[in-house]
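Asks: following is a predicted model, sequence given first.
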Amino acid sequence: MHSRNHWGGLFEMSTNGEGVSRYDHEGNKTTEWDRAALLERYHPHNQGQELDETLQSWVLERSEKSKKNKYVDFGCIVCSYKALKWASLSILVAFCVIALPIIISKSLPKHHSPPTPPDNYTLALHKALLFFNAQKSGRLSKSNGIAWTGNSGLNDGNDSDVKGGLVGGYYDAGDNSKYHFPMAFAMTMLSWSVLEYNPKYMAINEYAHARELIKWGTDYLLLTFNNSATKINKIYAQVGGSLNGSSTPDDHYCWQRPEDMDYPRHTITIYQGPDLAGEMAAALAAASIVFQDNVSYSKKLIKGAETVFAFARDFGKRKTYSRGEPYIESAYNSTGYYDEYMWGAAWLYYATGNRTYISLATNPSIFKNSKAYFLTPELSVLSWDNKLPAAMLLLTRLRMFLNPGYPYEDMLKMYHNVTSLTMCSYLHQFNVFNWTRGGLIQLNHGRPESLQYVANAAFLASIFADYMQVIGVPGWYCGSSYIPISTLKKFATSQVDYMLGKNPMKMSYIVGYGNKFPRHVHHRGASIPNDHKHYSCTGGWKWRDSPKPNPNIITGAMVGGPDRFDQFHDSRNNYNYTEPTLAGNAGFVAALISLTSTPGSSAIDKNTIFSAIPPFGPQNPPPPPPWKPIA
């Protein structure tokens, strides 16, 4: 039914709201009407009269609300014009806000963010390794990278029984001598640093370079004795050298480039020398672990290390290698050899896993005869002459990581305690050593060439801190004082930073690093121009005495360093200040790599150094002797 229409007839609202339909008397739909026309339709004779308020409001209000919507017919779909307009506008806004920036960014040239710049220690390390390239003797490859050096020392060892002579190795310092004792120590230190920090060496692309430098040294050391034999009776200890006060042409009297040497260079042969032999064994054994991926070479190094260590342990040859040798005593005089026994045995144990060596290294008599129990400050200073602090730290590593227990625990614990005290002695607060006002520890009691000892101490402190960090130990005790490992790192960084320029002179003691560094380095090859002219023995003196800077930069050389008043004299004639050494640079390289912070590289390589050590089984102490009644 329809609602009643008070004005006559029927009506109904259109479902689409477009108008009102008219029906005839029978209810059939006839015609569509415009709502506004109703005013005229229902009152044709009273057009000027207004409808009553009810009708007028109904008709006009409904008329206003019934504006026609517009549609767009896409064939398969009909869409409101208004909706289409808003949809299009939304798409346009979205394109401008989202798509357009993406398109623009994709079309622009790509600029990759620069890699994180290397820290100062990494920059210095790249340079410090180059010093070894400059010190090479023998036939150099084109890739050596030092433009002002060339083949030299090709007649070395012609007075020996070595086929082809003793060609190769490294010159020790600013002279042209090859001292095998500090050379071997330098190779041991380089190998140790590579074994501990090989991920860091790889991260800074110096791993292959460091290995090449080590091999250059160990190849030469293998020439200095009969490495194919199991027992030897002599070692070649040195090539070249000089006598104090001599005016005979030699490595000190003459000032010549190594490439120009034309004076006799004698080979020094020793028939006893456990110190030299022990250090050579350490160098060869440590390198054998570095080269364990080269099986044949590694085995050759191990065999050579065992042979030369047997020479060191020969009871009839226990006399320091330098005693009675004036060409050696004036430069690298050894004060003992029990430290080399401990040092060499420890490295041989790591290289072979043979427990004979660890038994020797932890033998109480070795500790006693090395006088380590005296705990004197001098014995806590690592150098080419004193390996005790390094040997005990190396064996402390065994206790910290593998904990072999009986029968080694008592001595390993002793070494651990002494190592802890050594670290305490390096800290300013305990006043064991004097310090300069500028902050440099005086490990050699104010004597010249102090930096080599400081570099070694920085390495030992840094690596001991890394050991503790790996096993989760936050610090150790110095008496009743608890010291966090950060204090050791702070000591190491402060000393290396001093060398790199944070000192009263505002000067870097590493040649080529920073803006201010030594320019008059006491070094023959660096001080004579590479002008293809031959300068005689005394003809080179004009370059030695010249006030001009060296024509060749011996990049990476760590010089002797300042005096105890933080003063430095950049003088070629004062070697105490300006002469670099092979052993000094090796310790400096080790300290630098321990302090580098390279993303993605771990602190130390915990396991590689232990590769040859078999697992420790449970070992019980021997039973007590049977009880006997007291008579």
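Replies: Perfect, thanks for sending it. Numbering: from 1, shown residues only.
Asks: what's around F464, how many residues?
Replies: Residues within reach of F464, counting by other C-beta atoms under 10 Å, total 26. (Each C-beta comes from the backbone N, C-alpha and C, glycine too.)
Asks: try I613
Replies: Residues near I613, counting by other C-beta under 10 Å, number 19.
Asks: what's the answer for Q442, then?
Replies: Each residue near Q442 was counted by other C-beta under 10 Å, and the total is 16.
Asks: that one against S450, yeah?
Replies: Yes - contact criterion C-beta atoms under 8 Å: Q442 and S450 qualify, at 6.5 Å.
Asks: now for these two: what residues contact both?
Replies: Residues touching both Q442 and S450 (C-beta atoms under 8 Å, 6 or more residues apart in numbering) are R564.
Asks: ok, now which ones touch the spatially most central residue of the chain?
Replies: Nearest to the mean C-alpha position of the chain, by C-alpha atoms, centre = their mean, lies I593 at 3.3 Å. I593 makes contacts with Y121, L125, S193, Y197, K200, Y201, as judged by C-beta under 8 Å, 6+ apart.
Asks: equivalent analysis for G438, please.
Replies: G438 makes contacts with Y498, N503, P504, P562, D566, as judged by C-beta under 8 Å, 6+ apart.
Asks: what's the burial count for G168?
Replies: Other residues lying near G168 total 23 when counted by other C-beta under 10 Å.
Asks: that one in helix, strand or coil?
Replies: Here G168 is recorded as coil under DSSP: H, G, I helix; E, B strand; the rest coil.
Asks: that one against T218, yeah?
Replies: No - G168 is beyond contact range of T218, at 10.3 Å (criterion: C-beta under 8 Å).
Asks: now, which of the contacts of G438 sits nearest V589?
Replies: Comparing the contacts of G438 against V589 with C-beta to C-beta places Y498 closest, at 16.8 Å.
Asks: name the single longest helix found in this structure.
Replies: In the chain, assigned by DSSP state H, the helix with the most residues is helix 180-203.
Asks: which other helices and strands does that helix contact?
Replies: Under the contact definition 3 or more C-beta pairs under 8 Å, 6 or more residues apart in numbering; DSSP states H and E, helix 180-203 sits against helix 207-223, strand 235-239, helix 274-290, helix 451-470, helix 582-595.
Asks: show me what counts as buried in it.
Replies: In terms of neighbour count (16 or more other C-beta atoms under 10 Å), helix 180-203 has its buried residues at 180-201, 203.
Asks: same deal with stretch 529-541?
Replies: Applying a neighbour-count criterion of 16+ other C-beta under 10 Å, one finds Y535, C537, G540 buried in stretch 529-541.
Asks: make TSV out of those residues and add pLDDT, distance to Q429 and secondary structure.
Replies: What follows is the buried residues of stretch 529-541, written out as TSV (pLDDT from 0 to 100; distance: C-beta to C-beta, whole Å; DSSP: H, G, I helix; E, B strand; the rest coil):
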residue	pLDDT	distance to Q429	secondary structure
Y535	94	52	coil
C537	95	52	coil
G540	95	49	coil
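Asks: can you give me the pLDDT of N144?
Replies: What the model reports as pLDDT for N144 is 96.
Asks: count of neighbours near it?
Replies: Neighbours of N144 using other C-beta under 10 Å come to 15.
Asks: show me where the stretch 501-631 of the chain has helices.
Replies: For the stretch 501-631 of the chain, applying DSSP state H, counting those that start in this stretch gives helices covering 524-527, 541-544, 575-578, 582-595.
Asks: quick one: the third one to chain centroid distance?
Replies: In terms of C-alpha atoms, centre = their mean, to the nearest Å, the centre of helix 575-578 is set 28 Å apart from its chain centre.
Asks: and T422, what element?
Replies: If you go by DSSP states H and E, T422 is part of helix 409-425.
Asks: buried set for that helix?
Replies: 409, 411-412, 414-416, 418-419, 421-425.
Asks: mind picking the two most distant members of those?
Replies: Using C-beta to C-beta, the pair of the buried residues of helix 409-425 lying farthest apart is E409 and S425, separated by 24.6 Å.
Asks: redo the contacts of G438 as a markdown table? Include distance to R399 and neighbour count.
Replies: Output for the contacts of G438, formatted as a markdown table (distance: C-beta to C-beta, whole Å; neighbours: other C-beta atoms under 10 Å):
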| residue | distance to R399 | neighbour count |
| --- | --- | --- |
| Y498 | 32 | 23 |
| N503 | 37 | 20 |
| P504 | 41 | 16 |
| P562 | 38 | 24 |
| D566 | 39 | 17 |
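Asks: make TSV out of those residues and add pLDDT and distance to I528.
Replies: TSV is the format used below for the contacts of G438 (pLDDT from 0 to 100; distance: C-beta to C-beta, whole Å):
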residue	pLDDT	distance to I528
Y498	98	31
N503	98	30
P504	98	32
P562	98	26
D566	98	31
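Asks: quick check, nearest of those to P626?
Replies: Y498 (62.5 Å).
Asks: wait, W148 touches N552, no?
Replies: Yes - counting by C-beta under 8 Å, W148 does reach N552; the two are 4.3 Å apart.
Asks: who touches both of these two?
Replies: With C-beta under 8 Å, 6+ apart, W148 and N552 have common neighbours G525, A526, N530.
Asks: pLDDT below threshold where in the stretch 1-150 of the chain?
Replies: Residues of the stretch 1-150 of the chain that meet the criterion pLDDT under 70 lie in 1-79, 81-84, 94-97, 99-117.
Asks: hmm, back to that, out of the buried residues of stretch 529-541, which is nearest to F311?
Replies: Nearest to F311 among the buried residues of stretch 529-541 is C537, at 36.0 Å by C-beta to C-beta.
Asks: wait, that closest one touches P249, no?
Replies: Yes - at 4.8 Å, C537 counts as touching P249 under the criterion of C-beta under 8 Å.
Asks: what's the average pLDDT for the longest helix of the chain?
Replies: Here the average pLDDT along helix 180-203 is 97.
Asks: and it, how far out from the chain middle?
Replies: 12 Å.
Asks: low-confidence ranges, the chain, go.
Replies: The chain contains residues with pLDDT under 70 at 1-79, 81-84, 94-97, 99-117, 600-602, 618-620, 631.
Asks: how about the strands of it, start to end?
Replies: Ranges of strands within the chain are 20-23, 29-33, 71-73, 78-80, 178-179, 235-239, 267-270, 475-478, 481-484, based on DSSP state E.
Asks: which of the helices and strands packed on helix 180-203 sits closest to W343?
Replies: helix 274-290 (5.1 Å).
Asks: return the distance of the residue nearest to S191 when sequence neighbours are not counted relative to L190.
Replies: In this structure, S191 finds its nearest non-sequential neighbour in A286, 3.7 Å apart by C-beta to C-beta, 6 or more residues apart in numbering. Per C-beta to C-beta, to the nearest Å, A286 is found 9 Å from L190.
Asks: could you do G438 as well?
Replies: 29 Å.
Asks: same thing with A590?
Replies: Using C-beta to C-beta, we find A590 at a distance of 7 Å from L190.
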